[in-house]
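> Structure, please.
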Amino acid sequence: MVPNRCQPQVEDAMTACGALAVTLQDRDDSADSIIYEPAPGETPVWESLEITGLFPEQSDPLLIEAVLRRDLDIDPRLRWEILQDQPWERAWLKDFQPLVFGNRLCICPQHLTPPAGLTAVLLDPGLAFGTGTHPTTGLCLEYLCRHDLANSTVLDFGCGSGILGIAALKLGARRVIAVDNDPQALTATLENARRNQVSDQVQVMAPEDTTNPDMTKLTADFIVANILAGTLIELSGLIGPLALDASGLALSGILRDQADTVASHYAEYVSSIHVETRDDWVLLQGTGKGQN
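Now for the predicted structure:
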């Protein structure tokens, strides 16, 4: 554990010693220390933190310790642990249990059997974000459960694992357009759609494809975007016009104190914006003004 003033020095020293990766972890358990979405250009760190370096197997711990103690202004408390090789991106799945939303939808890892009587989405998120465990994803899933999606087209910005789009299809939607700037997310979405036998109803694309003049103009009955406040603001000029004729727009990934700012960027496109909260997170929902 080190004070935050030493962070750059410790990171540089670890990198110089051959660290493959350096990670920071909060060592202050108080709520005041929580960092959510930093402002543009900021890289905040906690008052006290634990810095972990991942070194190649052949590294000499004694040599690394000697270099760190020589080059740092503090005497660090060092601890070594040998990590067995395994697919780390999948190790957490052993603790992922089925989750129920709206008393009708279940998000279930593919290696488990979903509860009877529920609409099930079998999920293998891989390296893409989206399991249903985060409050923002839960808010979006419950939003979908509350609406009649029969024969609708759903547009999902920031699709991640594809969880929202696949859930929409399982709840009756006819077609899903999944958008993400991460090719890995688009791959995960298609694979999860295949696993749920709805891949023929899913179209994936990068954000720039949504404005391609050579493509048919995008239209959707419902639009969901679970991203972050800053990105939602940046995309308001793209998502907003698409939402004008939509029966529903749901935006999440927003903190309570960011809700008014995000809502103001969509006010010209969506009427009667309603706020729903869970923990420190917010879902904004409304109806396109073209529907009025």
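> can you map out the strands along the protein?
With strands called from DSSP state E, the chain shows them at 2-3, 21-26, 48-54, 99-101, 105-109, 119-123, 153-157, 175-179, 202-205, 222-226, 248-255, 270-278, 281-288.
> Look at the nearest residue to Ile233 once chain neighbours are set aside and say how many residues are nearby.
In space, and not counting its chain neighbours, Ile233 is closest to His265: 5.2 Å by C-beta to C-beta, 6 or more residues apart in numbering. Every residue, glycine included, has its C-beta placed from N, CA and C. Other residues lying near His265 total 18 when counted by other C-beta atoms under 10 Å.
> returning to what we had before: a markdown table please, covering the strands of the chain and showing mean pLDDT.
Converted to a markdown table, the strands of the chain look like this (pLDDT from 0 to 100):
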| stretch | mean pLDDT |
| --- | --- |
| strand 2-3 | 62 |
| strand 21-26 | 73 |
| strand 48-54 | 77 |
| strand 99-101 | 87 |
| strand 105-109 | 87 |
| strand 119-123 | 89 |
| strand 153-157 | 96 |
| strand 175-179 | 96 |
| strand 202-205 | 95 |
| strand 222-226 | 97 |
| strand 248-255 | 96 |
| strand 270-278 | 93 |
| strand 281-288 | 96 |
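> May I see these arranged in JSON lines, with distance to Leu186 and mean neighbour count as well?
Output for those, formatted as JSON lines (distance: least, C-beta to C-beta, whole Å; neighbours: other C-beta atoms under 10 Å):
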{"stretch": "strand 2-3", "distance to Leu186": "39", "mean neighbour count": "15"}
{"stretch": "strand 21-26", "distance to Leu186": "25", "mean neighbour count": "13"}
{"stretch": "strand 48-54", "distance to Leu186": "28", "mean neighbour count": "16"}
{"stretch": "strand 99-101", "distance to Leu186": "24", "mean neighbour count": "19"}
{"stretch": "strand 105-109", "distance to Leu186": "20", "mean neighbour count": "21"}
{"stretch": "strand 119-123", "distance to Leu186": "16", "mean neighbour count": "22"}
{"stretch": "strand 153-157", "distance to Leu186": "11", "mean neighbour count": "26"}
{"stretch": "strand 175-179", "distance to Leu186": "7", "mean neighbour count": "24"}
{"stretch": "strand 202-205", "distance to Leu186": "4", "mean neighbour count": "20"}
{"stretch": "strand 222-226", "distance to Leu186": "16", "mean neighbour count": "26"}
{"stretch": "strand 248-255", "distance to Leu186": "19", "mean neighbour count": "26"}
{"stretch": "strand 270-278", "distance to Leu186": "27", "mean neighbour count": "15"}
{"stretch": "strand 281-288", "distance to Leu186": "24", "mean neighbour count": "22"}
